[in-house]
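Q: Whatever this is, show me its structure:
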Amino acid sequence: MRKLLLFAGVALFIGLLVYTTADSGVDHYELETFLRNKASCSGRETVLYGYMDPLSAEKNTSRIKFRLYSEDGWRQYAKTGKENEASIMVHLQGFLPDTMGLDQKIAVYGRSDCPSRVFSAHKVLARCSSKYSEGDGE
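A: Purely as a prediction, here's the structure:
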């Protein structure tokens, strides 16, 4: 009986170890890397990190559309005001966070539709800039 319990305990430990170290099935990309990576059309759940101008978002009853820029693409857009190739169109089925602001990096969760270069998102996260701003250390 002791050997059986010991064996079950070891098997449970190994199972938990494999479970916690296994790939979660979610790909994470900076937008620039995502746009260069041919495997990004895998249809897998993906998190993209980039920048957007929240004032330019197009809203209708069921979706919000906006353009997500890589860091370099965002700098170029800020200078010229023109869309560029270092970006992708995002269609969000959901809400934009209240904490979004200009020059703020966001995370967009969803899947890519590569032929049309559209990223279908279901969630957008942005950090609250007031919580993370540099202070005087007091």
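Q: these two touch, right, Ala86 and Phe34?
A: No - the pair Ala86 / Phe34 is not scored as a contact, 10.7 Å apart, by CB atoms under 8 Å. To be clear about C-beta, it is placed using only N, CA and C from the backbone, and glycine gets the same treatment.
Q: Settle it for me: which of those two has more neighbours?
A: Between Ala86 and Phe34, counted using other CB atoms under 10 Å, Phe34 has the larger neighbour count: 22 against 19.
Q: Show me which positions of the helix or strand where that one lies end up buried.
A: With elements taken from DSSP states H and E, the one containing Phe34 is helix 31-36. Across helix 31-36, burial judged by 16 or more other CB atoms under 10 Å covers Leu31, Glu32, Phe34, Leu35.
Q: send the alpha carbons of it over as CSV?
A: Extracted in CSV, the C-alpha atoms of helix 31-36 (Å, rounded to 0.1, in the frame of the first residue of the first chain):
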residue,chain,number,x,y,z
LEU,A,31,4.1,43.7,-33.7
GLU,A,32,7.3,44.2,-35.8
THR,A,33,8.3,40.6,-35.2
PHE,A,34,4.7,39.4,-35.9
LEU,A,35,4.6,41.2,-39.3
ARG,A,36,8.0,39.6,-40.4
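Q: Ignoring the adjacent residues along the chain, who's closest to Gly50?
A: Nearest residue to Gly50 in three dimensions, chain neighbours excluded: Leu31, at 3.8 Å (CB to CB, 6 or more residues apart in numbering).
Q: per-residue confidence at the one you found?
A: Note for Leu31: predicted pLDDT of 90.
Q: Use 4 as the first number from now on
A: Sure, I'll start counting at 4 from here, so that last one is Leu34.
Q: ok, it to His94 distance?
A: 16 Å (CB to CB, to the nearest Å).
Q: for this protein, where's the lowest mean pLDDT among helices and strands?
A: Across the helices and strands of the chain, mean pLDDT, DSSP states H and E gives its lowest value to helix 132-135, namely a mean of 49.
Q: which stretches of this structure have low pLDDT?
A: For the chain, applying pLDDT under 70 flags the ranges 16, 18-27, 41-45, 102-105, 118-119, 130-141.
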